[in-house]
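>>> Predicted structure and sequence below. I'll ask about it afterward.
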Amino acid sequence: MDAVDATMEKLRAQCLSRGASGIQSLARFFRRMDRDRSRSLDAAELQRGLAELGLVLDTAEAQGVCRRWDRDGSGTLDLEEFLRALRPPMSQVREAVITAAFAKLDRSGDGVVTVDDLRGVYSGRAHPRVRSGEWTEEEVTLAEFQDYYSGVSASVDTDEEFVAMMTSAWRL
């Protein structure tokens, strides 16, 4: 494990010690630290914010964390990138139920859920992201589906609760 991974593990442990709300409260904290309202943190903002939480990083460590988790190449770390990095790994049980839900939706079996796959299986009219026009994707891959549910998983304490939620939501 390198220094950046060790730093992230320390921060993840600190968040998880606060329960499921730890990562959510950290998100609120980082929004407050985003002084210029750019919705992203540079290494200096990250360093200051983590120091307030008691996790002191030197400049090189803060820059390393930003580089490691900067998925879009912007040179800064947006909150989604940072929160994604903090998510604990999912158990095999959670991964299996997510894969089962995806397989149910992927009627063509091609590894991509399209609008055609969903016709007759799922009505999204009541979904708030569909009503608002926020959801514009025409297809979703298994990786994207897993990434979404990884975020959901971080706020569910037990495998049993997560499986029950997924089973009910997707009628597995």
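In hand now; what should we look at? Numbers count the residues shown, from 1 in each chain.

>>> Which of the helices or strands spans the closest residue to residue 54 other than its chain neighbours?
Spatial nearest neighbour of residue 54, chain neighbours left out: residue 14 (7.6 Å); criterion: Cβ to Cβ, 6 or more residues apart in numbering. Glycine gets a C-beta too; all of them are placed from N, C-alpha and C. Element membership of residue 14, judged by DSSP states H and E, is helix 3-16.

>>> helices and strands around that helix, which ones?
helix 21-33, helix 59-69, helix 79-86 (3 or more Cβ pairs under 8 Å, 6 or more residues apart in numbering; DSSP states H and E).

>>> please redo it, this time with the cut-off set to 10 Å
Helix 3-16 sits against helix 21-33, helix 43-52, helix 59-69, helix 79-86, with contacts defined as 3 or more Cβ pairs under 10 Å, 6 or more residues apart in numbering; DSSP states H and E.

>>> what about dumping the CA coordinates of the last one to CSV?
Listed next in CSV are the C-alpha coordinates belonging to helix 79-86 (Å, rounded to 0.1, in the frame of the first residue of the first chain):
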residue,chain,number,x,y,z
LEU,A,79,-16.8,15.9,-4.3
GLU,A,80,-18.1,13.0,-6.3
GLU,A,81,-14.6,11.8,-7.1
PHE,A,82,-13.6,12.1,-3.4
LEU,A,83,-16.6,10.4,-2.0
ARG,A,84,-16.3,7.6,-4.6
ALA,A,85,-12.7,7.1,-3.3
LEU,A,86,-13.9,6.9,0.3
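
>>> What is the least confident helix or strand in the protein?
Ranked by mean pLDDT, DSSP states H and E, the helix or strand of the chain with the weakest confidence is helix 128-131, at a mean of 49.
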